[in-house]
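**Q** what would the 3D arrangement of this be:
(2 chains)
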Amino acid sequence: MAGTTGNVDTRDPLAPDGAAAGPHGGEEPARRRRFGRPVTWVTVLVFGLFFVNLAGVIGVPLVDSFGSRWFTTWLPEGWTTKWYGEAWDEFALGQVFWATALVSLLVVLLSVAIGVPAAYALARRSFPGKKLVLLLFLLPILAPPMTYGIPLATVLYKFHLAGSFTGVVLANLVPSVPFVVLTMTPFIEQIDPRIEAAARMCGAKTTAIFLRILAPLLVPGILAASVLVLVRTVGMFELTFLTAGPESQTLVVALYYAMFSAGIRTQQSIDAMAVMYMFSMLVLLVIALRFVNPTQLVTRVKEEQTEK
Amino acid sequence: MSADAREGRPALRHRLAERGVDRTTMLVLPGVAFLLVLFCYPFVYGLQLSFQPAEGGGPFANYRTFFEDPYLRETIWLTLRLAVPAALINCLAAVPVAFRTRGVFRGRRLVMTLLVMPITLGTVLTAQGLLGYLGANGWFNKILTGIGIIDQPLGLVHNYWGVLASLVISGFPFSYLLTLSYLTGIDPSLERAAATLGASRRQRFRHVLLPLLAPGLAITFCLSFVLAFAVFPSAQLVGDPRGSTHVISIEAYEAAFQQFDYPMGSAIAMIMAAVMLVVVALVLTWRSLLYRGATGGKG
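**A** Numbering: from 1, shown residues only, chains lettered A, B, ... in the order given. So this is what the prediction gives:
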């Protein structure tokens, strides 16, 4: 600490300091070493520990699902792929995959259909009570699913909607619709409204403006929002868990039940199922990252700013 | 419309349009209606249901049961004991890491992808991995015994530590990305100005960046806390759901969907929401004391 304070006087106050622009802003190496060390060490340590453990967490089910027997050794005794076939039959994964695909596609379609018009209105108009509407769209994203999931599932059971595809789709729409609204609003805001005005002046009808002007401009945003909703819906455990019946379980819920009733199942086939889930999520993630910036997956950043 | 026009006032439709309400604004209605029905109504319904206990005993019977039974009352403490440290770890670890990675560097996209992965993998898969990885014969204990740090394998799963690990793995990427976006929202010229005035790196961090980042960190803490407070699958799977990780969401779930006592389940869900609100309100009150002026950026 003494070293740092002693250093203040020795530097040229007018020298352009690259450090301010970022850690790689062309700082002189000696100074970087003297100042940057603790931060660098902590960063490397945190990142290193995080990634090593993450690799372990992902690696163990992966290795186990291909191993024939694995007790106390570093690696299994032999290798096999038979667990995948067993898991497929044992957990009726054909049905589960079908349910997952159906639920997520329906959620994506419906949330885009409800969310995009709302986002358009929010982006183009300011009206009394707009803050309140924004808050209403913000809450389901910020609140953890478990809190509103329990009352929601209670209501869905009351109307005999839970336990079926309808219930699962409805429950999953609750965070998805606001998600589409909040990702699409800034996207629509950056489309110049004068383009629509010009089209209207040239005599285009509302439908023509929508189909030939707006729709093509909206497609990239809608695709990005859809991919994100898809990833979130496939990974959504709590809401699906609370509302699904035996026929409408998605992959992640089936995985939970398999793990929860472990002991009567072989560990390896549960791991095989986990790997299949992981693999489908990774495919979706890679697709998603081609379209969007990772911070968008977390979503809450933009909304914070709208609220202030 | 014509009646209005006769009285010399503009038509209602025009007056509304002046305030921004017209046919385009109506497009927001389906979304709002949807959320009112499926988000607000369930909450109100749950609230009033919680005051109609299944076994009678006055409107507050459910709440009384909850606070009188130590096994139920303890859940609040057990959940806080998990959620507060998890949120603190995630926030504090995120600051140096975000600080170090805010510039453009090689492999940034890879780091981002790796960080986003736990978010998408979800808690169930993380739990499955942790069971194998941190278990008595898992790699983690093998490495530690191999290096000679410990003689006996540590018991890290089916207790408090497994759940905490799962909360950190699923929560850290989230708070990191959030902190990063707040940090990059601070105008670099503020820092450069401080540097021009002779502030050292440490002083710039302590007196320029940290005060500007603090409101963002408060929000990050709130969101990580709320996420961790609702922990459910990992507490069931890697934790000890009858003992040290008997968290409040497990109790709410079991009351509502295993004992089919919906009023009690709703009451516990309401208590859960109330505890979260109290903690968030405390943090936000502290935040309101902080400087929240222009950061020159988006924060």
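**Q** burial count for the residue lying closest to A:Ile188 once chain neighbours are set aside?
**A** The shortest distance from A:Ile188 to any residue that is not its chain neighbour, by CB to CB, 6 or more residues apart in numbering or on different chains, is 3.8 Å, and that residue is A:Ala123. Yep, even glycine has a C-beta here, placed from its N, CA and C like the rest. Taking other CB atoms under 10 Å in any protein chain shown as the neighbour definition, A:Ala123 ends up with a count of 19.
**Q** so A:Ala123 makes contact with A:Thr185?
**A** Yes - when contacts are counted by CB atoms under 8 Å, A:Ala123 is listed as touching A:Thr185 (4.9 Å).
**Q** got the contact list for the residue nearest to A:Ile188?
**A** A:Ala123 makes contact with A:184-186, A:188-189, according to CB atoms under 8 Å, 6 or more residues apart in numbering or on different chains.
**Q** so it belongs to a strand, correct?
**A** No - inclusion of A:Ala123 in a strand is not indicated when DSSP: H, G, I helix; E, B strand; the rest coil is applied; the result is helix.
**Q** spatially, what comes nearest to residue 165 if we skip its sequence neighbours?
**A** The chain I'm using is chain A. Closest residue to A:Phe165 apart from its sequence neighbours, by CB to CB, 6+ apart: A:Ser248 at 4.9 Å.
**Q** ah, no, chain B please
**A** If you skip the residues right next to it in sequence, B:Ala165 has B:Leu130 as its closest partner in space, 5.9 Å away by CB to CB, 6+ apart.
**Q** can you get me a residue count around that neighbour?
**A** 28.
**Q** please tell me I have it right and B:Asn159 contacts B:Pro241.
**A** No - here B:Asn159 does not reach B:Pro241: they are 10.9 Å apart, not a contact under CB under 8 Å.
**Q** quick one, which of the two is more surrounded?
**A** Relative neighbour count places B:Pro241 above the other of B:Asn159 and B:Pro241, with 19 against 15, counting by other CB under 10 Å.
**Q** any idea how far B:Pro233 is from that one?
**A** With the distance defined as CB to CB, to the nearest Å, B:Pro241 ends up 10 Å from B:Pro233.
**Q** which residues do the two both contact?
**A** The overlap between the contact sets of B:Pro241 and B:Pro233 (CB under 8 Å, 6+ apart) is empty.
**Q** show me what contacts A:Leu284?
**A** Taking CB under 8 Å, 6+ apart as the criterion, A:Leu284 is in contact with A:227, A:230-231, A:234, B:120.
**Q** what ranges do the helices span in the stretch 151-299 of chain B?
**A** Assignment of helices within the stretch 151-299 of chain B using DSSP state H, counting those that start in this stretch yields the ranges B:160-184, B:188-196, B:201-204, B:210-229, B:233-237, B:248-257, B:262-288.
**Q** what residues sit buried inside the last one?
**A** Residues of helix B:262-288 classed as buried by neighbour count (16 or more other CB atoms under 10 Å in any protein chain shown): B:262-273, B:275-276, B:279-280, B:283, B:287.
**Q** chain neighbours aside, what residue packs nearest to A:Pro145?
**A** On the basis of CB to CB, 6+ apart, the spatially nearest residue to A:Pro145 that is not a chain neighbour turns out to be A:Glu238, at 3.9 Å.
**Q** that neighbour and A:Gly149 touch, don't they?
**A** Yes - under the criterion of CB under 8 Å, A:Glu238 is in contact with A:Gly149, at a separation of 5.1 Å.
**Q** residue in the stretch 151-299 of chain B nearest to chain A?
**A** Using CB to the nearest CB, the single residue of the stretch 151-299 of chain B nearest to chain A is B:Ala230, 3.4 Å away.
**Q** for that residue, give me its contacts.
**A** The contact partners of B:Ala230, taken as CB under 8 Å, 6+ apart, are A:144-147, A:238, B:249, B:272, B:276.
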